[in-house]
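Q: Return a 3D structure for these sequence lines:
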Amino acid sequence: MMFENTASKATIILHGTGAQGTDTETTPLTLYIETKEKITIPTTTKNLNRQIEHTTVKNFKEIKDHNTKNDIINGITLNGRLEVFK
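A: Numbering: from 1, shown residues only. As a prediction, this is how the structure comes out:
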């Protein structure tokens, strides 16, 4: 996994066209990352030769756009757990 040293502490969700299955070889993979730690995210994947776009926040409440929130909620959880209501 590309986030090996931080993955156990971070929530990582694939969203957007990659999660919907409508992506192409040229569209970037879009990730939501929730972590309290500072992490470094690669800008491309070696295996897929794709760009990576990401939103990294400490808390889901930091996301203000409702469409983005819905997109993340309906994405594919790769690691961790998204808590929308606490």
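
Q: Quick one: end-to-end length of stretch 16-25, please.
A: End-to-end distance for stretch 16-25, by Cα to Cα, to the nearest Å: 14 Å.

Q: And it, what's buried?
A: 16, 18-19, 23 (16 or more other Cβ atoms under 10 Å). No exception for glycine: its C-beta is placed from N, CA and C like everyone else's.

Q: can I get the residues you listed in CSV with secondary structure and distance to Lys46?
A: As requested, these are exported to CSV (DSSP: H, G, I helix; E, B strand; the rest coil; distance: Cβ to Cβ, whole Å):
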residue, secondary structure, distance to Lys46
Gly16, coil, 21
Gly18, helix, 17
Ala19, helix, 21
Asp23, coil, 18
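
Q: so can I have JSON lines of those residues showing pLDDT and distance to Gly75?
A: Formatted as JSON lines, the buried residues of stretch 16-25 follow (pLDDT from 0 to 100; distance: Cβ to Cβ, whole Å):
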{"residue": "Gly16", "pLDDT": "93", "distance to Gly75": "7"}
{"residue": "Gly18", "pLDDT": "91", "distance to Gly75": "8"}
{"residue": "Ala19", "pLDDT": "93", "distance to Gly75": "4"}
{"residue": "Asp23", "pLDDT": "91", "distance to Gly75": "12"}
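
Q: Can you give the contact residues for the lowest-mean-pLDDT helix or strand in the chain?
A: One helix or strand of the chain scores below all others by mean pLDDT, DSSP states H and E: strand 52-57, with a mean of 89. Strand 52-57 is contacted from outside by 28-35, 39, 41-45, 63, 68, using Cβ atoms under 8 Å, 6 or more residues apart in numbering.

Q: Only whichever of those are buried, select them in ChimeraX.
A: Under the burial definition 16+ other Cβ under 10 Å, those of those that qualify are selected in ChimeraX by:
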select :28,29,30,31,32,33,34,35
